[in-house]
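Engineer: Sequence plus predicted model, see below.
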Amino acid sequence: MNFWLFKSEPDVFSILDLKKSKNQTTCWDGVRNYQARNFLRDSIKKGDGVLFYHSNSDPLAVVGICEVVEEGYPDFTAWEKDNEHFDPASTPGKPVWYMVDIRLKEIFNNPVTLAALKAEPKLNDMKLLQRGNRLSVMPVAKNEWDLIIKMGA
DNA sequence: GCCAACGTTGGC
DNA sequence: GCCAACGTTGGC
């Protein structure tokens, strides 16, 4: 079992939107970055844990946790012409982009803010905190996961 | 709104 | 294959 962090802009899709979704489950569509795509397609497995992070918002924070309920499959929004994430390079026969499904497990009582993450020396190596990092899907170490879960509870 | 950092594109 | 130009991300 592995752990991940997914970023989402709450103006676009927040953890409350996830809570309101059918079965509190959503497909994580729209990722159009190859490194993140590779994680979605190859590495993220059913049962893995996901930290749900709100970016470009106030507060910036890990706001809850989710579980992967469906492993990588083609992101069909890429071949919907009217979709904001349409990409003519991707076709049903030869998909370029992938997504997974996640289900809400818990909304933190105490969202773990970016400032709090930065203030914790044990989290110095977190990918999220590394300079210039712009990945929207990234791995999280088990010790980081365990600590953040405690901080958020 | 600014801007640093980074990914992608496309001419050569 | 190089690299300048451009677009995007995302914290501040």
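Structural biologist: Alright, I've got the coordinates.

Engineer: Contact partners for residue A:99?
Structural biologist: Residues counted as contacts of residue A:99 (Cβ atoms under 8 Å, 6 or more residues apart in numbering) are A:27, A:28, A:29, A:30, A:31, A:40, A:72, A:73, A:74, A:75. Glycine gets a C-beta too; all of them are placed from N, C-alpha and C.

Engineer: from those residues, which is closest to DNA strand C?
Structural biologist: Using Cβ to the nearest atom of the strand, residue A:30 comes nearest to DNA strand C of the contacts of residue A:99, at 8.4 Å.

Engineer: Skipping its backbone neighbours, what lies nearest the closest one in space?
Structural biologist: When the adjacent residues along the chain are set aside, residue A:30 lies closest to residue A:85, with 4.5 Å between them (Cβ to Cβ, 6 or more residues apart in numbering).

Engineer: Then residue A:9?
Structural biologist: With Cβ to Cβ, 6+ apart as the measure, residue A:56 is the residue that lies nearest to residue A:9, at 4.6 Å, once sequence neighbours are left out.

Engineer: ranges for the helices of chain A?
Structural biologist: A:15-20, A:34-38, A:114-119, A:142-152 (DSSP state H).

Engineer: Serialize the ones you listed to TSV and add fields for mean pLDDT and distance to residue A:135.
Structural biologist: Rendered in TSV, the data for those read as follows (pLDDT from 0 to 100; distance: least, Cβ to Cβ, whole Å):
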stretch	mean pLDDT	distance to residue A:135
helix A:15-20	96	19
helix A:34-38	95	6
helix A:114-119	96	15
helix A:142-152	97	15
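
Engineer: Briefly note if whichever strand in chain A runs longest comes near DNA strand C.
Structural biologist: For chain A, the strand reaching the highest residue count under DSSP state E is reported as strand A:98-113. No: for strand A:98-113, no contact with DNA strand C is found by Cβ under 7 Å from any atom of the strand; the gap never falls below 9.0 Å.

Engineer: Hmm, residue A:74 and residue A:29 touching each other?
Structural biologist: No: look at residue A:29 against residue A:74 with Cβ atoms under 8 Å: they stay out of range, at 10.2 Å.

Engineer: Which residues in stretch A:135-143 does the neighbour count mark as buried?
Structural biologist: Within stretch A:135-143, the residues scored as buried using 16 or more other Cβ atoms under 10 Å are A:135, A:136, A:137, A:138, A:139, A:140.

Engineer: Would you check how far apart the nearest residue to residue A:4 once chain neighbours are set aside and DNA strand C are?
Structural biologist: The shortest distance from residue A:4 to any non-neighbouring residue, by Cβ to Cβ, 6+ apart, is to residue A:50 (5.0 Å). Relative to DNA strand C, residue A:50 is positioned 15 Å away (criterion: Cβ to the nearest atom of the strand, to the nearest Å).
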